[in-house]
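Enquirer: Next come a sequence and a model predicted from it.
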Amino acid sequence: MDLSGFNRHPWLKWEQVEKFLGQKLPFAENGQTFLDNMTWVEGYVQDMLKKAMPGMDSGISAHNSAGAEIFETHEHVIIKVKIAKAEDPRALQVYVKSNQIKLTGFLSGKSQIVKLPTLVMPRTARVSYKQRLLQIRVRKRGLKENYVEAYIRY
């Protein structure tokens, strides 16, 4: 199939597609047609993801507005928060909700909210403090949740 086959569709305007994508489409390189060589798509998608999520580093970790570094594994979300030298680590309190974590007990009296990238199970949270680094590990909420019977009152 060559490019002339695309001319049968008057509704398909390549100029509009190129304008939308923000770049020229690679037509007929080395005797190949547009559909034979789609390798350019991966680069385009990566560029769009970088523009849409500038705070993400290759999808592995992110820095939250509270200064927390967030990592995701298959089963857990791991949050690392650097604590200032002046802070008393024994005064800190960590509250876990399904979509965020609240840190309190700072000298300033303010609390920090860390938004999580996915839903978690709050009761599975494990928190450790070592060398001014607070680490919170929480199990992700599974996509397949079991039904829990709700009993009927008569």
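Expert: Okay, I see it.
Enquirer: now His76, which residues is it bridged with?
Expert: The partner list for His76 in beta bridges (DSSP bridges) reads Arg139.
Enquirer: Identify the residues contacting it.
Expert: By CB atoms under 8 Å, 6 or more residues apart in numbering, His76 lies in contact with Arg137, Val138, Arg139, Lys140. Any C-beta I mention is one placed from the backbone N, CA and C, and that applies to glycine too.
Enquirer: Just the pLDDT for it.
Expert: Here the pLDDT value assigned to His76 is 93.
Enquirer: pLDDT score for the closest residue to Gln100 other than its chain neighbours?
Expert: Once its chain neighbours are removed from consideration, Gln100 has its nearest residue in Lys115; the separation is 5.0 Å (CB to CB, 6 or more residues apart in numbering). Here the pLDDT value assigned to Lys115 is 92.
Enquirer: my read: Lys115 touches Asn99, true?
Expert: Yes. With contact taken as CB atoms under 8 Å, Lys115 and Asn99 are classed as touching, separated by 6.9 Å.
Enquirer: Report how many residues lie close to the residue nearest to Gln100.
Expert: Applying other CB atoms under 10 Å, we find 14 residues neighbouring Lys115.
Enquirer: and the gap between it and Val138?
Expert: If you measure Lys115 against Val138 using CB to CB, to the nearest Å, the figure is 13 Å.
Enquirer: same deal with Phe106?
Expert: When distance is defined by CB to CB, Phe106 is 21 Å away from Val138.
Enquirer: and these two? which has more neighbours close in?
Expert: Val138 (23 against 17).
Enquirer: now the helix or strand harbouring Phe71: mean pLDDT?
Expert: Remark: Phe71 resides in strand 68-72, with elements defined by DSSP states H and E. Looking at strand 68-72 alone, the average pLDDT works out to 91.
Enquirer: And for stretch 92-105?
Expert: Confidence for stretch 92-105, expressed as mean pLDDT, is 93.
Enquirer: Please spell out which residues along it are buried.
Expert: With burial defined by 16 or more other CB atoms under 10 Å, the residues of stretch 92-105 counted as buried are Leu92, Val94, Val96, Ile101, Leu103.
Enquirer: That one: end-to-end distance?
Expert: Start-to-end span of stretch 92-105 (CA to CA, to the nearest Å) is 4 Å.
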